[in-house]
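[1] Sequence plus predicted model, see below.
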Amino acid sequence: MVVGLIKRLFGGGDRKFTYEEARELAAHEDSAIRAKLAAHPEVRPEILYFLVEDPSAEVRRHLAANPATPPQAHPTLAADDDDQVRAQLAMKIARLAPGLTAHEQDRLRRATYDALELLARDRIPKVREILAEALKDVANAPPDVIRRLARDAEIAVAAPILQFSPVLTDEDLLEVIGGGPIPGALAAISKRSTVNVRVADAIAATDDVDAIAILLGNPSAQIREETLDRLADRATDIEAWHQPLCHRPLLPAKTAAKLARFVASSLLQALAARQDLDREAAVAVAAVVAKRLDEMEATGPERAEARKASDEAAALVRARQLREKGQLDESTIDTALAGNDPNFVVCALAVLAELPVSVVRKTVATQSAKGITAITWKAGLSVTLAEQLQAKLLRLPAPRVLRGRDGVFPLTGDEMIWQLEFLAG
């Protein structure tokens, strides 16, 4: 009879067992048979609970992972001496965590919550890490457990919670920031999908250079103008902050001018090409760039790079000024094209088409006939100018030039929109 039960247990015939049959298998001397029973999804809960004290760790591991194991067994398994038992339980019990509270009245839910708390305090970091990964994006995970994991001494445990958990409030985050956080904790907070003003201010007030660099590079971080300005004052000798500062959305004009005094020439180009600077701010940045060029003592490639940045900044300022006066038109661009002033032509196209200068430059560098045709169309200019731009700006041979007919662009509107999206990607 026992042989037949074992065959059924391992996949032969009917795998459902009566209480007496399961009890007989649970008492079998072969731990492999008991382990198979512990993993069975349809064994009576009382039989599974009986196995919680089994001497074989392999049996208890299967028991911890089995969704059918009754909640009464969870606290005992959470205190098991075997690390893998607790790890298996952590992976399973996290699925039961949503909605649990510290004040559970129901006996079974209380047992599950107690087990969850034990796992959050487990002596093995890997167990806590498994729990943190499972709970990091659960909106109704138990707040007490989440707060404990967020303050864990191991960054592998705390980081996923600090970066992702929607359960943490601003007050929770501020408490972590002000409580002597472990290395990496502030960086994790800085990566959150939303960093509110108070939290951003608190991180910016610390000496954690890496965390502040990540905060500056997070476009969703709500950083006040005053905070950005203070960071710009501190950033002179902190190169890790230069690029994220120069690329911050809605950079204040005063901050942009400060940055122009010390960032590398490649970042000067990025500052000068920003679309959100008004005319006065753009002029101020261009003036600082020019002054720096005059003061530079270096020669060779560094000076050449700085001069390139200065020339582009000046061209961009001029294009914007002409547009404000209503004087940036096809004739102006045609004149610049004939006068071999590609810097101005590129900047003028970018301004009229409301595109980043980098997009137009990439189009020119790749000699994309379709791309420059689409940019010309978006800028509101003629197909005739598009043909001239292909020949003189892109320097394409005549057979490669896309030509229109009767003033109509050679691409459809949809095709040109696709080209613009591709170039901006």
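    That came in fine, so what should we check first?

[2] Show me the shaky parts of the stretch 251-400 of the chain.
    For the stretch 251-400 of the chain, the stretches flagged by pLDDT under 70 are 269, 272-273, 275, 279, 282-283, 286, 289-310.

[3] Helices along that one, start to end?
    Counting by DSSP state H, counting those that start in this stretch, the stretch 251-400 of the chain has helices at residues 253-259, 265-272, 279-295, 301-324, 330-338, 342-353, 357-365, 369-378, 383-388.

[4] what's in contact with stretch 65-85?
    Stretch 65-85 is contacted from outside by 38-43, 45-46, 48-49, 52-53, 57, 60-61, 63-64, 86, 88-89, 91-93, 96, 108-109, 111-112, 114-116, 118-119, 122, 124, 126-127, using CB atoms under 8 Å, 6 or more residues apart in numbering. No exception for glycine: its C-beta is placed from N, CA and C like everyone else's.

[5] Can you turn the buried part of the residues you listed into a PyMOL selection?
    In PyMOL, this line selects whichever of the contacts of stretch 65-85 come out buried by 16 or more other CB atoms under 10 Å:
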select buried, resi 38+39+40+43+48+49+52+57+60+61+63+64+86+88+89+92+93+96+111+112+114+115+116+118+119+122+126+127
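
[6] about what we covered before: can you check which of the helices of the stretch 251-400 of the chain gets nearest to L9?
    Across the helices of the stretch 251-400 of the chain, the minimum distance to L9, taken as CB to CB, is reached by helix 357-365, at 65.3 Å.

[7] How far does the closest one sit from its chain's centre?
    27 Å (CA atoms, centre = their mean, to the nearest Å).

[8] Kindly reformat the helices of the stretch 251-400 of the chain as JSON lines containing distance to A132.
    JSON lines is the format used below for these (distance: least, CB to CB, whole Å):
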{"stretch": "helix 253-259", "distance to A132": "37"}
{"stretch": "helix 265-272", "distance to A132": "37"}
{"stretch": "helix 279-295", "distance to A132": "44"}
{"stretch": "helix 301-324", "distance to A132": "45"}
{"stretch": "helix 330-338", "distance to A132": "57"}
{"stretch": "helix 342-353", "distance to A132": "46"}
{"stretch": "helix 357-365", "distance to A132": "40"}
{"stretch": "helix 369-378", "distance to A132": "47"}
{"stretch": "helix 383-388", "distance to A132": "56"}
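
[9] Can you lay out those helices as JSON lines showing mean neighbour count and distance to H242?
    As requested, the helices of the stretch 251-400 of the chain are exported to JSON lines (neighbours: other CB atoms under 10 Å; distance: least, CB to CB, whole Å):
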{"stretch": "helix 253-259", "mean neighbour count": "20", "distance to H242": "7"}
{"stretch": "helix 265-272", "mean neighbour count": "22", "distance to H242": "6"}
{"stretch": "helix 279-295", "mean neighbour count": "17", "distance to H242": "14"}
{"stretch": "helix 301-324", "mean neighbour count": "19", "distance to H242": "14"}
{"stretch": "helix 330-338", "mean neighbour count": "17", "distance to H242": "32"}
{"stretch": "helix 342-353", "mean neighbour count": "23", "distance to H242": "23"}
{"stretch": "helix 357-365", "mean neighbour count": "19", "distance to H242": "18"}
{"stretch": "helix 369-378", "mean neighbour count": "23", "distance to H242": "30"}
{"stretch": "helix 383-388", "mean neighbour count": "19", "distance to H242": "37"}
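
[10] Nearest approach to T18 belongs to which of those helices?
    Closest among these, once you apply CB to CB, is helix 357-365, at 73.0 Å.

[11] circling back to that earlier point, the contacts of stretch 65-85 in helices, which ones?
    38, 45-46, 48-49, 57, 60-61, 63-64, 86, 88-89, 91-93, 108-109, 111-112, 114-116, 118-119, 126-127 (DSSP state H).

[12] Run a quick neighbour tally on A90.
    Counted with other CB atoms under 10 Å, residues neighbouring A90 total 29.

[13] still on that earlier bit, quick one, which of the helices of the stretch 251-400 of the chain is nearest to W418?
    Closest to W418 of the helices of the stretch 251-400 of the chain is helix 369-378 (CB to CB; 8.3 Å).

[14] neighbouring contacts of the closest one?
    349, 353-355, 359-360, 363-364, 382-383, 385-386, 389-390, 393-394, 396, 400-402, 409-411, 415-417, 419-420, 422-423.

[15] among these, which ones are buried?
    349, 353, 355, 359-360, 363-364, 382-383, 385-386, 389-390, 393-394, 396, 401-402, 409-411, 416, 419-420, 423.

[16] residue ranges of the strands in the stretch 101-250 of the chain, please?
    Here the stretch 101-250 of the chain has no strands by DSSP state E, counting those that start in this stretch.

[17] Can you list the low-confidence ranges for it?
    101-106.

[18] how does it look with 90?
    Within the stretch 101-250 of the chain, the stretches with pLDDT under 90 are 101-116, 134, 137-142, 249-250.

[19] quick one: the helices in it?
    107-120, 125-135, 143-150, 155-164, 170-178, 185-190, 197-204, 209-217, 225-234, 239-246.

[20] could I get the third one in CSV with only the CA atoms?
    Taking Å, rounded to 0.1, in the frame of the first residue of the first chain, the C-alpha atoms of helix 143-150 are listed here in CSV:
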residue,chain,number,x,y,z
PRO,A,143,4.3,50.5,6.6
ASP,A,144,6.1,49.4,9.7
VAL,A,145,7.9,46.6,7.8
ILE,A,146,8.7,49.0,4.9
ARG,A,147,10.2,51.6,7.3
ARG,A,148,12.3,48.9,8.9
LEU,A,149,13.6,47.7,5.6
ALA,A,150,14.3,51.3,4.5
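
[21] Now do the buried residues in that helix.
    Using 16+ other CB under 10 Å as the test for burial, helix 143-150 gives D144, V145, I146, R147, R148, L149, A150.
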